[in-house]
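In: here's a sequence, model it:
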Amino acid sequence: MKAPAAARYGWVIVGAMLFIQTVSSGLGFYNMSVYMTEFARLLEVPLAHVSFAVSLFFIVGGVAGMSVARLLGVVDIRLIMVLGTLLAGASLAAVYYADTLWQIYALFTLFGIGNTGVSLVVATTLVTQWFPGPNRSIALSIASTGLSLGGVVITPLTAYLFHTSGVIPTMPWLGLAFVVLILPVALWVVKPAPLPAAEGLLPGTSDWSYGDAIRTRFFVLLAVGYVFCQGAQVGGISHLYHRVEELGGYAAAATAVQILTLCSITFRFIGGWLVTRVSIRAFTLLNVLVQISGLAIISAATDTTTALVGAAVLGSSIGNLLMLQPLWLAEAFSGPVYPRVFALANAAAVLGVAGGPYLLGLIYDVNGYGSAYAIAGATSLLAGVCIMSAGRGPADREPRPVS
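Out: Numbers count the residues shown, from 1 in each chain. Below is the predicted model:
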């Protein structure tokens, strides 16, 4: 009876991760586009300057994620989540007292560190440990849906509160919401996986050492590909609100973010099912092509309708691309080494995640969003070339080391 009970609780873990990712991504990842627009206006500074605060959020999050991955094997995951939640919530609330750009930089740095405690590294590690078998892709697709759901539920509400109550008065409530919503789930619902599941090994696979794994051609090219992929994707997402606001006002901009995230949710569910029947590599490359198309449409948009279509196309690739990297790495490097391997890949991708918003902001300040989104599309094409060159997996070119 114990195994079925454990299997059932695995789906409770998936639901908990979905909820936590909804809150953390809504108040963090997807809200960045709103924060940039409003803080640039409030502080009367160029958009590129505020974009750097977003870059800091992602950079420190990626670096901190590597430390969190090491701690996952020796520290109770709930402690990591609780401490991260408290730091992230306090940082958001403290923006109430910020009145200079450097203070925004400092608080977003702390926010990035805290958010890592409830981030994708923690969520994907926990889910892959609870689901070492064929249901892994479905479980990951559901749990990571929270990354998109946050944009549907929280970002439009944040935009509304900013416009009705003001930016500064709203920030303490956002920080409080981060803590009140996540802390009880982290304390009373989250549990470490049972030992056999936590080993994360599928029948017929052997373990990798961390050093051997990260030196494979597959890992290196996949990681580099995702640097370009995430740079283009997150740059496009973070500036979408401002791009559409210029064309049709803040209501249209909030609608664009909702459309983007709704499409991400819908196609992520489809992708979670489809990837059990098709090659992960082929499906990843298809989604890269879809991302290129969405960025191109947004680049060329001269009216709100076209921009919304572009947001829908871009959104249909976002959820799947975020899900596919951890899933592909878990398939290639199953076992205790997975958290560190994924954390390194995620930290590398942060170079793109952090640079994308800042680069698009710089290009916008010089030559507008048409050029900015066109360059993002070209960057996505480069990502596709790297991912295609990585091959299907490390076993294609290197023999697996024997434990």
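In: remind me which residues of the stretch 251-400 of the chain are low pLDDT?
Out: 395-400 (pLDDT under 70).
In: the helices in it, which residues?
Out: 280-300, 304-332, 338-390 (DSSP state H, counting those that start in this stretch).
In: the second one: how far from the chain's middle?
Out: When distances are taken as C-alpha atoms, centre = their mean, to the nearest Å, helix 304-332 is centred 10 Å away from the chain's centroid.
In: do the shortest one as well
Out: Between the centre of helix 280-300 and the centre of its host chain there is 17 Å, according to C-alpha atoms, centre = their mean.
In: buried stuff in it?
Out: Neighbour-count burial for helix 280-300 flags 280-281, 283-288, 290-299 (criterion: 16 or more other C-beta atoms under 10 Å). Using the backbone N, CA and C atoms, a C-beta is placed for each residue, glycine as well.
In: now it against helix 304-332, angle please.
Out: Relative orientation of helix 280-300 versus helix 304-332 (axes from the mean of the first three to the mean of the last three C-alpha atoms, to 10 degrees): 160 degrees.
In: what packs against helix 280-300?
Out: Helix 280-300 sits against helix 217-274, helix 304-332, helix 338-390, with contacts defined as 3 or more C-beta pairs under 8 Å, 6 or more residues apart in numbering; DSSP states H and E.
In: rebuild these as JSON lines, extending it with distance to Ile104 and mean neighbour count.
Out: Converted to JSON lines, the helices and strands packed on helix 280-300 look like this (distance: least, C-beta to C-beta, whole Å; neighbours: other C-beta atoms under 10 Å):
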{"stretch": "helix 217-274", "distance to Ile104": "15", "mean neighbour count": "23"}
{"stretch": "helix 304-332", "distance to Ile104": "26", "mean neighbour count": "24"}
{"stretch": "helix 338-390", "distance to Ile104": "14", "mean neighbour count": "22"}
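In: out of those, which gets nearest to Gly117?
Out: In terms of C-beta to C-beta, the element of the helices and strands packed on helix 280-300 nearest to Gly117 is helix 338-390, at 12.9 Å.
In: just the helices in the stretch 101-250 of the chain please.
Out: Ranges of helices within the stretch 101-250 of the chain are 101-116, 120-130, 136-143, 146-165, 167-188, 195-198, 210-214, 217-274, based on DSSP H, counting those that start in this stretch.
In: next, format these as CSV and append distance to Glu44.
Out: Shown next, in CSV, are the helices of the stretch 101-250 of the chain (distance: least, C-beta to C-beta, whole Å):
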stretch, distance to Glu44
helix 101-116, 10
helix 120-130, 34
helix 136-143, 41
helix 146-165, 16
helix 167-188, 13
helix 195-198, 51
helix 210-214, 45
helix 217-274, 16
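In: comparing those helices, which gets the lowest mean pLDDT score?
Out: Ranked by mean pLDDT, the helices of the stretch 101-250 of the chain end with helix 195-198 at the bottom, a mean of 54.
In: okay, Gln21 and Ser119: tell me how far apart.
Out: For Gln21, the distance to Ser119 equals 8 Å [C-beta to C-beta, to the nearest Å].
In: same thing with Tyr9?
Out: 22 Å.
In: these two: which is more packed in?
Out: Taking neighbours as other C-beta atoms under 10 Å, Tyr9 and Ser119 compare with Ser119 leading, 28 against 15.
In: ok, now how distant is that one from Leu140?
Out: Applying C-beta to C-beta to Ser119 and Leu140 gives a distance of 14 Å.
In: how about Gly393?
Out: Between Gly393 and Leu140 the distance is 17 Å, computed by C-beta to C-beta.
In: quick one, which of the two is more surrounded?
Out: Leu140 (26 against 20).
In: got the contact list for the more buried one?
Out: 124, 127-128, 131, 272, 323, 326-327 (C-beta atoms under 8 Å, 6 or more residues apart in numbering).
In: can you check Phe19 too?
Out: 146, 181, 185.
In: so how far is Gly370 from the first one?
Out: For Gly146, the distance to Gly370 (C-beta to C-beta) stands at 33 Å.
In: do Val350 as well
Out: 27 Å.
In: over to Thr109?
Out: 32 Å.
In: next, Ile80: secondary structure please.
Out: Each residue gets one of three states, and Ile80 gets helix by DSSP: H, G, I helix; E, B strand; the rest coil.
In: tally of neighbours for the residue nearest to it when sequence neighbours are not counted?
Out: Distances taken as C-beta to C-beta, 6 or more residues apart in numbering place Gly117 nearest to Ile80, at 5.0 Å, with adjacent residues excluded. Neighbour count of Gly117, defined by other C-beta under 10 Å: 27.
In: tell me the pLDDT at Gly117?
Out: 92.
In: contacts only, for it.
Out: Neighbours of Gly117 in contact, by C-beta under 8 Å, 6+ apart: 68, 80-85, 87-88.
In: my guess is Val45 contacts Thr100. True?
Out: No - using C-beta atoms under 8 Å, Val45 is not in contact with Thr100, being 9.8 Å away.
In: these two: which is more packed in?
Out: The neighbour count for Val45 versus Thr100, taken as other C-beta under 10 Å, is higher for Val45 (14 against 10).
In: how would you label that one: helix, strand or coil?
Out: Counting by three-state DSSP, the backbone at Val45 sits in coil.
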